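Visitor: Okay, sequence plus prediction incoming.
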Amino acid sequence: CKGLLSHGVHTLSDIAVLLARKKVWYRGISGIGETIGLRIADQVISLLSGDSAVSDSTRILDPDISASLCVLSAPCTLSNSSASSALSALPTATATAVVSANAVRFDWRSRVAIDADFTLIENWISARANTAPTIKSYRRELRRFAYFVRCRGHSLATTTVGDCRDYLTFLRCIPGAWLGAPANENSIFWRPFSGQLSVSSQRLAVTVVGCCFKYLAAANLVAFDPWLLVNKHVADVCDSGTGVSSSSNSSSRFVKLQAAFPLVVWQAVAKELALRAPSLASARVLFAFVFLSCTGLRSCEFLSAKFDDLRIAPLTNLPDLSNGLLAIDNASCFNESNSRLFLHVAGKNGKIRDVVLTKAAVSALSEYVASRGLAKDVFCLLRFDHLLSLPLYPSLLDVYSFVSYNSFVKDFKRAVGEAVLVCPVLSYLEKVHYRTATPHWLRATSITVADAANVPLPVIARMHGHSNVATTAIYVRPSLSDDADLVDIG
């Protein structure tokens, strides 16, 4: 094909490199569209999926990804000429990290031999994770580590302390052979990583793997926990070879803002959301923004809540009431002035708690109920049994359908991002920061606002479903700006 030749593609390995680098590999190549491109990809996969090794003299398009061709051949070491030249072409810090990790190469055929490791992984996940996002994150990190030790000739049951130490070094600078565009895990062009990991992602990976081994050792599924003998601290540096701090990057010269909305910013964003064109979609996003900020619910807790989960607690002596938290037939005698609403929530690990709905949360819920035409307010809605099964945050197409987590986050980020961009009180850098807000920011906002109101920390932890006060304390750390203000006052 002249298009391939003019694009510099002369061998099957050249096409393999393009397939590994991007999903739509044929983009920009004349004469090749989607149909022909997919057909060529299938043929290349069938030809290169055998045991035949790729020649060391195979021409490579990009030195930084030369190691990616090793997945099509038998496992090799750094002693051959192609691997040595590839290592010499890498930056110094990258080459140092590769050598210190014993030059681990990813072999896609090793996946067929780690079914036993996957069984151990699923045992821990089934015991500790109960939400889909958590399960997905845990499985991804543990399978990465399983591939790592398998390529070193070990398994999870035979992991050594050296494997754990080298994995820390490996995470700081992942070799190019382990990186690739998103693909199906059954494809030979699948890679465990889509890019280099940030410091926080490295810490998450180490924490997940360490907790898994602690469980496996306690359950006698492995002989011992090698991570007990390893310093799992991940330094705040971008490159272990050069020792350059992440804060020295030109894009990180400014003080990092907290992943929460200060009260002034929150009010400005809420005002912009309220000024949007009236519709069910805009009313739904405004309700979620206010309700989550007032209650501090997790997204999964909020999306699974129904009106039937609401509980009423009278504040004054009313006739014909014998219970505390209850829902009664004649709910017309209840209103915001003589009663208080609670939301019955099943949190992480099935822990049940009753979340207090503040006046702002009840007002937002009542306004949203009225905008949907269900009732005048939430207290009137509780009188109708057929409406109690409705979700608090329903689908726009069917009021009886729940919204998925991914759909909720997508709608939230788009609406809040648009509102942040038009906020007059925010500077350019603040707009860049707050437009990346996720629903979890509202949980952090709820905790910081409660702490600013001098609510005791144990009460905040209990209302937000934290079993440990230390977890809540993570959210209430004062910012550098607050510390600077206190120093100036002093």
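Guide: Yes, it's here.
Visitor: so how far is R372 from L280?
Guide: Going from L280 to R372 by C-beta to C-beta, to the nearest Å gives 7 Å. Heads up, the C-betas are built off the backbone N, CA and C, glycines and all.
Visitor: Number of residues surrounding the closest residue to G296 other than its chain neighbours?
Guide: Spatially, and ignoring its direct neighbours in sequence, G296 is nearest to S446 (3.3 Å; C-beta to C-beta, 6 or more residues apart in numbering). For S446, the tally of surrounding residues (other C-beta atoms under 10 Å) stands at 24.
Visitor: Check the one 3 residues further on too.
Guide: The criterion is other C-beta under 10 Å. On that basis, V449 has 19 neighbouring residues.
Visitor: quick one: buried residues of stretch 134-146?
Guide: S137, Y138, R139, E141, L142, R143, R144, F145, A146 (16 or more other C-beta atoms under 10 Å).
Visitor: Ramachandran coordinates for the fifth one?
Guide: Spelled out, it's L142. phi -70, psi -30 (degrees, to the nearest 10).
Visitor: okay but it is in contact with I121, surely?
Guide: Yes. The criterion here is C-beta atoms under 8 Å, and L142 meets it with I121 at 4.5 Å.
Visitor: Quickly list what's touching both of those two.
Guide: C212 (C-beta atoms under 8 Å, 6 or more residues apart in numbering).
Visitor: In a helix, V17, correct?
Guide: Yes. Counting by DSSP: H, G, I helix; E, B strand; the rest coil, V17 falls inside a helix.
Visitor: quick one: it from L38, how far?
Guide: Distance of V17 to L38, computed by C-beta to C-beta: 17 Å.
Visitor: ok, the two, which is more surrounded?
Guide: Each of V17 and L38 has its neighbours counted (other C-beta under 10 Å); V17 has more, 22 against 13.
Visitor: now the strands: where do they sit in this structure?
Guide: 237-239, 244-245, 310-314, 339-346, 352-356 (DSSP state E).
Visitor: Now render those strands as TSV, adding distance to P175 and mean pLDDT.
Guide: Shown next, in TSV, are the strands of the chain (distance: least, C-beta to C-beta, whole Å; pLDDT from 0 to 100):
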stretch	distance to P175	mean pLDDT
strand 237-239	15	49
strand 244-245	20	38
strand 310-314	54	82
strand 339-346	43	86
strand 352-356	46	88
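Visitor: ok, back up a step: what would the buried residues of stretch 134-146 look like in CSV with pLDDT?
Guide: CSV is the format used below for the buried residues of stretch 134-146 (pLDDT from 0 to 100):
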residue, pLDDT
S137, 91
Y138, 92
R139, 91
E141, 93
L142, 92
R143, 90
R144, 91
F145, 92
A146, 90
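Visitor: Sitting in helices, which of those residues do you find?
Guide: When those are checked against helices (DSSP state H), the matches are S137, Y138, R139, E141, L142, R143, R144, F145, A146.
Visitor: any chance of these in TSV, with distance to L4 too?
Guide: Putting these into TSV (distance: C-beta to C-beta, whole Å) gives the following:
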residue	distance to L4
S137	39
Y138	42
R139	38
E141	38
L142	39
R143	34
R144	34
F145	38
A146	37
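Visitor: What is the nearest of those residues to A129?
Guide: Nearest to A129 among these: Y138, at 5.3 Å, using C-beta to C-beta.
Visitor: So which of the strands of the chain is nearest T160?
Guide: Here strand 237-239 is closest among the strands of the chain (C-beta to C-beta), at 25.6 Å.
Visitor: pLDDT below threshold where in the stretch 1-150 of the chain?
Guide: The stretch 1-150 of the chain contains residues with pLDDT under 70 at 1-2, 20-23, 45-114.
Visitor: rerun at 90
Guide: 1-123, 126-136, 147, 150 (pLDDT under 90).
Visitor: Identify the residues contacting A360.
Guide: When contacts are counted by C-beta under 8 Å, 6+ apart, A360 touches V290, C294.
Visitor: Endpoints of stretch 168-179, how far apart?
Guide: The straight-line separation of the ends of stretch 168-179 (C-alpha to C-alpha, to the nearest Å) is 17 Å.
Visitor: buried sites along it?
Guide: Residues L168, T169, F170, L171, R172, C173, I174, P175, G176, A177, W178, L179 are the ones in stretch 168-179 that count as buried (16+ other C-beta under 10 Å).
Visitor: cool, stretch 199-215 as well?
Guide: Q202, R203, L204, A205, V206, V208, V209, G210, C212, F213, Y215.
Visitor: For the fifth one, give me its contacts.
Guide: Read that as V206. With C-beta under 8 Å, 6+ apart, V206 has these contacts: Y167, L168, L171, K232, V234.
Visitor: Please look at the last one and L168 and confirm they touch.
Guide: Spelled out, it's V234. Yes. V234 is in contact with L168 according to C-beta under 8 Å; the separation is 7.2 Å.
Visitor: which residues do the two both contact?
Guide: Joint contacts of V234 and L168 (C-beta under 8 Å, 6+ apart) are Q202, V206.
Visitor: quick one on the thing from earlier: sort out which one of the contacts of V206 lies nearest H154 for me.
Guide: Nearest member of the contacts of V206 to H154, counting by C-beta to C-beta, is Y167, at 11.2 Å.
Visitor: Skipping its backbone neighbours, what lies nearest that closest one in space?
Guide: Nearest to Y167 is F148, by C-beta to C-beta, 6+ apart, at 5.7 Å.
Visitor: I'd assumed F170 was in contact with that neighbour.
Guide: Yes. Under the criterion of C-beta under 8 Å, F148 makes contact with F170 at 6.5 Å.
Visitor: Just give me the neighbour total for the residue nearest to Y167.
Guide: Residues near F148, counting by other C-beta under 10 Å, number 24.
Visitor: How about H386?
Guide: So H386, with other C-beta under 10 Å, has 6 neighbours.
Visitor: what do you get for G28?
Guide: 9.
Visitor: ditto for A16
Guide: Look at A16: counted by other C-beta under 10 Å, it has 24 neighbours.
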